[in-house]
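[1] Give me coordinates for this.
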Amino acid sequence: MAIRRHKADRQAAPQTIEEASFRLAAYLDAQARAEQLRADADAKIAAIEAARDDAVAPLAASANCLFMELRAWWAVEKNEITGGQRKSIELAGAQIGERTTPPRLAHPGLKSDDIVERLRAKGWDELVRTKRSLDKPGLIKMLQGDHADQMKAFGLDVAQREEFFIDRAQPKSADPEKVEPGEVEIREAKR
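    Model prediction:
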């Protein structure tokens, strides 16, 4: 069975500088309109999120207040309700009670770096994580310097390529007016 090949569509390209200028203007216009659409959408999203936050804030405050009230109630009534046998119950469509949180490392008043040094001093290096990564800027500098041959022996090299780009041109600043000496009228300041 023969493999069927598809040719890519021909890419139209400008043939003159005028055609290229027209296409560049169309490209910049399309880019500007796309950026404006994104900015408009971002503004609408921000407005929607702000309205949501305004609507949610009083509900969250009310829920927090109710939570605190129920927590205080539970602390007083839990043994009577559960007979001291359970940590939680189902009530009014909710599970209410106490639960043990997942374990976490606590080191009040101690800095992580101090703990690392203490563990290493005791020989417990397996409890200390060390992340190693390449110093890419340093390696590039060495590849461009005196140690290039040694780095290339490791299979390293600097990769760069030319890439096509289109950027919006920056507006040109007006050149300052050139004035010949003698053409400037000097006025004395009034006192």
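[2] which SSE is the residue nearest in space to the middle of the chain in?
    Closest to where the C-alpha atoms of the chain average out (C-alpha atoms, centre = their mean) is D42, at 16.2 Å. Following DSSP states H and E, one finds D42 within helix 17-82.
[3] which secondary structure elements does that helix contact?
    strand 88-91, strand 94-97 (3 or more C-beta pairs under 8 Å, 6 or more residues apart in numbering; DSSP states H and E). Backbone N, C-alpha and C define where each C-beta goes, glycine included.
[4] For L66, which of those strands is the nearest?
    Proximity to L66, assessed across the helices and strands packed on helix 17-82 by C-beta to C-beta, is greatest for strand 94-97 (11.1 Å).
[5] Next secondary structure after the closest one?
    Heading C-terminal from strand 94-97 (DSSP H and E), you reach helix 112-121.
[6] Counting neighbours, which bits of that next one end up buried?
    V116 (16 or more other C-beta atoms under 10 Å).
[7] Contacts for it next, please.
    107, 125, 127-128 (C-beta atoms under 8 Å, 6 or more residues apart in numbering).
[8] still on that earlier bit, now the helix holding D42: how far from the chain's centre is it?
    16 Å (C-alpha atoms, centre = their mean, to the nearest Å).
[9] Could you give the average pLDDT over that helix?
    Per-residue pLDDT over helix 17-82 has a mean of 95.
[10] Can you tell me how far the residue nearest to the centre of the chain is from E49?
    According to C-beta to C-beta, to the nearest Å, D42 and E49 sit 10 Å apart.
[11] coming back round to it: is it possible to export the helices and strands packed on helix 17-82 to JSON lines including distance to A30, mean pLDDT and mean neighbour count?
    As requested, these are exported to JSON lines (distance: least, C-beta to C-beta, whole Å; pLDDT from 0 to 100; neighbours: other C-beta atoms under 10 Å):
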{"stretch": "strand 88-91", "distance to A30": "59", "mean pLDDT": "88", "mean neighbour count": "12"}
{"stretch": "strand 94-97", "distance to A30": "54", "mean pLDDT": "90", "mean neighbour count": "12"}
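[12] Adding distance to D53 as columns, could you present the ones you listed in JSON lines?
    Below are these laid out as JSON lines (distance: least, C-beta to C-beta, whole Å):
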{"stretch": "strand 88-91", "distance to D53": "31"}
{"stretch": "strand 94-97", "distance to D53": "26"}
